[in-house]
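**Q** quick one, structure for this:
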Amino acid sequence: MTKAELIAILSDKSGLNKADVLRVLGAFDEVLLDTLADNGELSIMAGKFKVKESAARTGRNPKTGETIQIPAKRKVAFVASKPLKDRIGG
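**A** Predicted coordinates for the structure are as follows:
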């Protein structure tokens with residue numbers, strides 16, 4: 001689904017015009033980015049966005065076979081809610 005398709009669907013379902021839906025989605029993006037940048041969690045009906053830490057590890061370059069060090073980093077994870085899992089059959 002493209003952003004334009006999402007905006008059209010949300011506009012139809014909510015009764016808001018497309019410009020208002022676009023502003024709401026923009027505000028949601030800002031809140032999500034700010035919350036995750038501060039190591040927070042954001043829960044929505046479909047699940048939860050959170051930041052996970054991955055430890056540093058040793059990896060291998062698949063092309064050369066050379067051993068490399070992969071640094072520790074922070075990743076964004078989404079944990080699906082039970083209703084979402086039930087709806088998609090997982």
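**Q** shouldn't residue 7 be within a strand?
**A** No. Applying DSSP: H, G, I helix; E, B strand; the rest coil, one finds residue 7 to be helix, outside a strand.
**Q** list the contacts of the biggest helix by length in the chain.
**A** Counting by DSSP state H, the longest helix found in the chain is helix 18-37. For helix 18-37, the external contacting residues (Cβ atoms under 8 Å, 6 or more residues apart in numbering) are 3, 6-8, 10-11, 14, 16, 41-42, 49-51, 76. Using the backbone N, CA and C atoms, a C-beta is placed for each residue, glycine as well.
**Q** ditto for stretch 77-90
**A** So stretch 77-90 is contacted by 45, 46, 47, 48, 49, 50, 51, 52 (Cβ under 8 Å, 6+ apart).
**Q** can you show me the helices along this structure?
**A** Using DSSP H, the helices of the chain run over 3-14, 18-37, 82-88.
**Q** how about those in TSV, adding mean neighbour count and mean pLDDT?
**A** Output for the helices of the chain, formatted as TSV (neighbours: other Cβ atoms under 10 Å; pLDDT from 0 to 100):
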stretch	mean neighbour count	mean pLDDT
helix 3-14	12	96
helix 18-37	13	96
helix 82-88	11	93
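**Q** and of the ones you listed, who's closest to residue 71?
**A** Closest approach to residue 71 among the helices of the chain is made by helix 18-37 (18.8 Å; Cβ to Cβ).
**Q** what's the angle from that closest one to helix 3-14?
**A** Interaxial angle of helix 18-37 relative to helix 3-14 (axes from the mean of the first three to the mean of the last three Cα atoms, to 10 degrees): 110 degrees.
**Q** what about residue 40, neighbour count?
**A** Residue crowding around residue 40 was assessed by other Cβ atoms under 10 Å; the count is 13.
**Q** do the same with residue 64
**A** Residue 64 is flanked by 8 other residues according to other Cβ under 10 Å.
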